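Student: give me a 3D structure for the following:
(one chain, ligands or ions: 3)
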Amino acid sequence: MKKRVGILTSGGDCPGLNATIRGVAKALYARMGDNVEIVGILNGYHGLINGEYREMCEDDFRGILTLGGTILGTKRTPFKLMRVVEDDKIDKVAAMKKTYKDAKLDCLLCLGGNGTHKTANLLSQEGLNIIGLPKTIDNDIYGTDVTFGFHTAVDIATEVIDRIHTTAGSHSRVMCIEIMGNKAGWLTLYSGIAGGADIILLPEQPYDIDRVCEAVERRAKRGSNFSIIAVAEGAMNVDEAKLKRKEWTAKRAEAGYTTATNRIAAAVQKKTGMETRVCIPGHMQRGGSPSAYDRVLATQFGSYAAKLVEIEQYGVTVALVNNHVISNRLEDIAGKTRNIPEGCELLTVAKRMGISLG
Ligand SMILES: Nc1ncnc2c1ncn2[C@@H]1O[C@H](COP(=O)(O)OP(=O)(O)O)[C@@H](O)[C@H]1O
Ligand SMILES: O=P(O)(O)OC[C@H]1O[C@](O)(COP(=O)(O)O)[C@@H](O)[C@@H]1O
Ligand SMILES: [Mg+2]
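Tutor: Residues are numbered from 1 along each chain as shown. Ligands and ions are numbered 1, 2, ... in the order given. You can find the predicted model right below:
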């Protein structure tokens, strides 16, 4: 029987989205031939709400393995309001169900992060046939050891740290590099270790600025004329950790900071007397071609999702656990974040290496 498969990409883009889309499509065509039709929903849930989609053909999926971004477009649609009818009077859940029906979909594949999986779960509970695929450079999706996009971002952030090293050494400076990751510090931890950062500050491990400065001074005493501090976007100090998110973000805004990085740089310069600079690679970490690792992972995940479509196993999301591709039930993973746990081996490695975690 013919199947119509919808695909959307939602949330922040990342390298490997197109490789995953290609993995799904090629495997579907290979397994089902003319018995499958693929519908591309444009710009994530925004397109699903507004009925923006297009019929895809085999040719659309050629030559996109190495392409960054997403050929379908993506968007962050205000989420907490998903079930709330706002001024535009659109019942978003009803609208999404209508598009699914109008496009005559048999199932819908949602490529995205934590937010995307919440709506994916919601749609599944509303009776749609949904399969999730875990994308994000943050690597913070519950139930999977890794997400596609993460390792490419690690490679990019590591190169940033490498390049900062040579200029830091030449100028005898402290360099603070802000690495993406608002809630989870995986990207900072991995690239910090890979790039040989001296101090790594993570959202999961609130820092004490005095300890950060002590680490810089300790290095200087032992003959290092520079220090590299890898700061996660979501890093916070011990005082902020005692407050609610809303409270400390307001306090920071008042002081003129959005992230902790500039504040750390200013304090380090003042307390240690060492010249300090900030580097923010920002969205570079999400751009460009996926690494070989992510191309393989994307192809594993995509082709597995195609198999799930064929056997009609819905209400699940694809995951990698102990090197095996599996599926988790959407309801078991939606609304959870995979943070760096207290006993994480890489934290122990960092400590053993004398890296300060602040
Ligand atoms: N709490 C939530 N409940 C329901 N849907 C959500 C929620 N958070 C996000 N979404 C939906 O998923 C989309 C992507 O979420 P976002 O957090 O921006 O990216 P990601 O999926 O990468 O985490 C949002 O635009 C919204 O449509
Ligand atoms: O591109 P935006 O909307 O500024 O978002 C930045 C955020 O998106 C990310 O790059 C990826 O997050 P998601 O995977 O949840 O979309 C975060 O690391 C970063 O905090
Ligand atoms: Mg998110």
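
Student: go ahead and list the helix or strand containing residue 326.
Tutor: strand 324-329 (DSSP states H and E).

Student: what residues of that strand count as buried?
Tutor: 325, 327, 328 (16 or more other CB atoms under 10 Å). Using the backbone N, CA and C atoms, a C-beta is placed for each residue, glycine as well.

Student: what's near enough to touch the first one?
Tutor: Taking CB atoms under 8 Å, 6 or more residues apart in numbering as the contact definition, residue 325 lies against 300, 301, 304, 318, 319.

Student: narrow those residues to those in strands?
Tutor: 318, 319 (DSSP state E).

Student: okay, the contacts of residue 325 in a markdown table with pLDDT next?
Tutor: Formatted as a markdown table, the contacts of residue 325 follow (pLDDT from 0 to 100):
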| residue | pLDDT |
| --- | --- |
| 300 | 98 |
| 301 | 98 |
| 304 | 98 |
| 318 | 98 |
| 319 | 98 |
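
Student: hang on, the earlier thing: pull up the pairing partners for the strand holding residue 326, direction included.
Tutor: strand 316-321 (antiparallel) (DSSP bridges).

Student: what about the strand it pairs with, distance to the chain center?
Tutor: Relative to its chain's centre, strand 316-321 lies at 15 Å (CA atoms, centre = their mean, to the nearest Å).

Student: count the residues that sit near the one residue in the stretch 201-350 of the chain that gets nearest to ligand 3.
Tutor: Across the stretch 201-350 of the chain, the shortest distance to ligand 3 (CB to the ion) belongs to residue 337, at 8.8 Å. Number of residues near residue 337 (other CB atoms under 10 Å) recorded here: 13.

Student: how about residue 37, phi and psi?
Tutor: phi -130, psi 140 (degrees, to the nearest 10).

Student: and it, what does it touch?
Tutor: 2, 3, 4, 5, 55.

Student: same thing but 7 Å
Tutor: 2, 4 (CB atoms under 7 Å, 6 or more residues apart in numbering).

Student: please report how far it lies from residue 319.
Tutor: Residue 37 is 27 Å from residue 319, where distance means CB to CB, to the nearest Å.

Student: how about TSV for the buried residues of strand 324-329, with pLDDT and distance to residue 87 added?
Tutor: Formatted as TSV, these follow (pLDDT from 0 to 100; distance: CB to CB, whole Å):
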residue	pLDDT	distance to residue 87
325	98	43
327	98	38
328	98	36
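
Student: how about those residues in CSV, adding distance to residue 107?
Tutor: Below are these laid out as CSV (distance: CB to CB, whole Å):
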residue, distance to residue 107
325, 18
327, 13
328, 17
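
Student: closest to residue 120 among the residues you listed?
Tutor: Relative to residue 120, the closest of these is residue 328; by CB to CB it sits at 11.6 Å.

Student: who's in contact with the closest one?
Tutor: 143, 316, 317, 319.

Student: export stretch 227-234 to CSV, keeping only CA atoms.
Tutor: Below are the C-alpha coordinates for stretch 227-234, written out as CSV (Å, rounded to 0.1, in the frame of the first residue of the first chain):
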residue,chain,number,x,y,z
SER,A,227,45.2,30.7,30.1
ILE,A,228,42.3,29.4,28.1
ILE,A,229,38.8,29.5,29.7
ALA,A,230,36.1,27.6,27.9
VAL,A,231,32.8,29.0,29.1
ALA,A,232,29.4,27.4,28.3
GLU,A,233,26.8,29.9,27.2
GLY,A,234,24.7,28.9,30.1
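
Student: off-centre distance for it?
Tutor: Worked out by CA atoms, centre = their mean, stretch 227-234 lies 17 Å from the chain centre.

Student: repeat for stretch 258-265
Tutor: Distance, centroid of stretch 258-265 to centroid of chain: 21 Å (CA atoms, centre = their mean).

Student: ligand 1 contacts on the stretch 101-250 of the chain?
Tutor: 112, 113, 114, 115, 116, 118, 119, 122, 136 (CB under 6 Å from any ligand atom).

Student: just send those back as CSV, with distance to residue 203 and neighbour count too.
Tutor: Compiled in CSV, these are given as follows (distance: CB to CB, whole Å; neighbours: other CB atoms under 10 Å):
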residue, distance to residue 203, neighbour count
112, 21, 30
113, 16, 23
114, 14, 22
115, 17, 20
116, 20, 29
118, 20, 19
119, 24, 26
122, 26, 19
136, 15, 28
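
Student: and those residues, which of them are in helices?
Tutor: Under the assignment DSSP state H, these contribute 114, 115, 116, 118, 119, 122 to helices.

Student: shouldn't the residue of the stretch 201-350 of the chain closest to ligand 3 be in contact with residue 185?
Tutor: No - contact criterion CB atoms under 7 Å: residue 337 and residue 185 do not qualify, at 11.6 Å.

Student: quick one on the thing from earlier: and the two most separated of the residues of the stretch 101-250 of the chain next to ligand 1?
Tutor: Top of the distance list for those (CB to CB): 122 and 136, 18.8 Å.

Student: OK, now which residue of this protein is nearest to ligand 2?
Tutor: residue 12 (2.7 Å; CB to the nearest ligand atom).

Student: so what's the closest residue to that residue other than its chain neighbours up against?
Tutor: Spatial nearest neighbour of residue 12, excluding adjacent residues (CB to CB, 6 or more residues apart in numbering): residue 286 at 6.3 Å. Contacts for residue 286 were tallied using CB under 7 Å, 6+ apart; they are 12, 13, 14, 137, 153.

Student: quick one: stretch 3-18 to chain centroid distance?
Tutor: Using CA atoms, centre = their mean, the offset of stretch 3-18 from its chain centre is 14 Å.

Student: walk me through the domains of this protein.
Tutor: 1-146+289-330, 150-285 (the TED database).
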